[in-house]
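*Asks:* Quick check, what structure comes out for this input:
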Amino acid sequence: MKKVAMVLIFLLVMSFGIYHKVGEYIGSAYVLGAKLNLIEVSDDSLVFTVAVIVPNPITLDVKYASHNLGLYYDDHLLAVVNTSSGVLAGGSKNTIIYEGKIPMEALKQWFYYHAARGWRSELYIKGRIVVQFGPVKAPIYVHSKIKEVSSNPFAEIINREFLGREENVGYYRLQYPLVKFSGVTWDGRTLRMKLTYINNSTSPILVQFPTYEFRANSITLGTTVTDSILIPGKSTVESEVVMDTQNIEKFLFLHFANGETTVFEISMEGAIKYLGITKRGKIFDIKFTYRTDIFSR
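*Replies:* Numbers count the residues shown, from 1 in each chain. From the prediction side, this is the model:
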């Protein structure tokens with residue numbers, strides 16, 4: 001009996017040692033990557049799935065339980081990922097697919113953060129996956145970069161000159177000023193534009209109380225009216241336009257509903273006075289595209 005007891009103890013110790021070693025192997029595993037897919041866009045949230053690739057370095061199947069994962073941008077939580085239990089196949093790369101929901105309010109805060117930091121932010125999955133083999137439990141820590149988002153929507157209009165149109169009015173040819181965007185910044189709340197108006201004519205151009213409008217996918221984000229602008233002949237005048245913006249939730253809803261694509265428009269309308277002629281019209285109406293690639297296509 002004593003010998004049998006010793007053998008049983010030996011086998012138990014050996015078994016625990018094997019389990020423990022397996023736990024060490026699993027615990028040293030790491031996530032190879034993760035990617036997001038957009039499932040649904042609604043007025044109050046984005047529903048997504050995240051595919052996490054987890055290798056199992058041993059040849060035996062191991063179980064994993066419900067655990068904690070979150071979708072972050074830099075150090076800020078964007079969404080909690082709903083996890084579940086399952087099995088990691090032995091000796092292979094396993095793709096685990098979870099579902100999560102980004103509330104529109106959280107998405108709006110991300111956008112403010114992203115825009116205010118020069119249109120750059122990093123998305124990643126963080127948390128841990130707890131695996132179990134026999135009596136041994138071991139965590140696989142997850143900190144996997146998904147995407148670095150960087151796309152300045154105004155890049156294509158900065159320092160570009162937009163020619164002023166000409167229009168026949170009676171015996172005269174009405175000349176609109178040329179416009180150049182020397183700087184545009186937007187933190188999601190306030191749009192600031194530095195504009196240069198160029199008059200290539202020898203006669204002065206007066207733009208009376210111009211109205212500026214900022215739109216996204218036909219949704220008005222903001223409007224403002226400024227003082228009149230006098231541009232003497234053969235000269236330039238610089239101006240800064242500051243505009244409060246709104247309807248960010250609608251903009252974000254349409255941006256993601258349209259495949260992460262937005263057509264922005266900036267327009268200026270006013271009464272032009274030139275050579276004694278006064279006529280109201282659009283001084284410019286510029287369209288440009290903003291794209292992101294957060295979700296896999």
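
*Asks:* Let me see the ranges of the helices in this structure.
*Replies:* 2-27, 104-116, 248-257 (DSSP state H).

*Asks:* could you pull out the strands for the stretch 1-150 of the chain?
*Replies:* Along the stretch 1-150 of the chain, counting by DSSP state E, counting those that start in this stretch, strands occupy 33-41, 45-55, 62-64, 68-73, 76-82, 86-88, 93-103, 120-133, 136-150.

*Asks:* closest one to Arg215 among these?
*Replies:* Comparing the strands of the stretch 1-150 of the chain against Arg215 with C-beta to C-beta, the closest turns out to be strand 33-41 (19.9 Å). Every residue, glycine included, has its C-beta placed from N, CA and C.

*Asks:* Going by contacts, tell me the helices and strands next to that closest one.
*Replies:* strand 45-55, strand 120-133, strand 136-150, helix 248-257 (3 or more C-beta pairs under 8 Å, 6 or more residues apart in numbering; DSSP states H and E).

*Asks:* can you list these in TSV and add distance to Tyr212 and mean pLDDT?
*Replies:* Below are the helices and strands packed on strand 33-41 laid out as TSV (distance: least, C-beta to C-beta, whole Å; pLDDT from 0 to 100):
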stretch	distance to Tyr212	mean pLDDT
strand 45-55	31	93
strand 120-133	27	90
strand 136-150	27	88
helix 248-257	17	96
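
*Asks:* Mind putting the strands of the stretch 1-150 of the chain into TSV with distance to His114 and mean neighbour count?
*Replies:* Below are these laid out as TSV (distance: least, C-beta to C-beta, whole Å; neighbours: other C-beta atoms under 10 Å):
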stretch	distance to His114	mean neighbour count
strand 33-41	15	16
strand 45-55	15	19
strand 62-64	33	19
strand 68-73	7	19
strand 76-82	11	17
strand 86-88	33	17
strand 93-103	13	16
strand 120-133	4	19
strand 136-150	7	16
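
*Asks:* before we move on, back to that, how about TSV for the helices and strands packed on strand 33-41, with distance to Ile102 added?
*Replies:* Output for the helices and strands packed on strand 33-41, formatted as TSV (distance: least, C-beta to C-beta, whole Å):
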stretch	distance to Ile102
strand 45-55	4
strand 120-133	11
strand 136-150	13
helix 248-257	9
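
*Asks:* wait, which of the ones you listed is closest to Arg189?
*Replies:* Nearest of the helices and strands packed on strand 33-41 (C-beta to C-beta): helix 248-257, 8.3 Å.

*Asks:* Give the buried residues for the closest one.
*Replies:* Ile248, Lys250, Phe251, Leu252, Phe253, Leu254, His255, Phe256 (16 or more other C-beta atoms under 10 Å).

*Asks:* May I ask you to confirm that the fifth one is in contact with Ile102?
*Replies:* To tie it back to what came earlier, the one meant is Phe253. No - using C-beta atoms under 8 Å, Phe253 is not in contact with Ile102; the gap is 11.8 Å.
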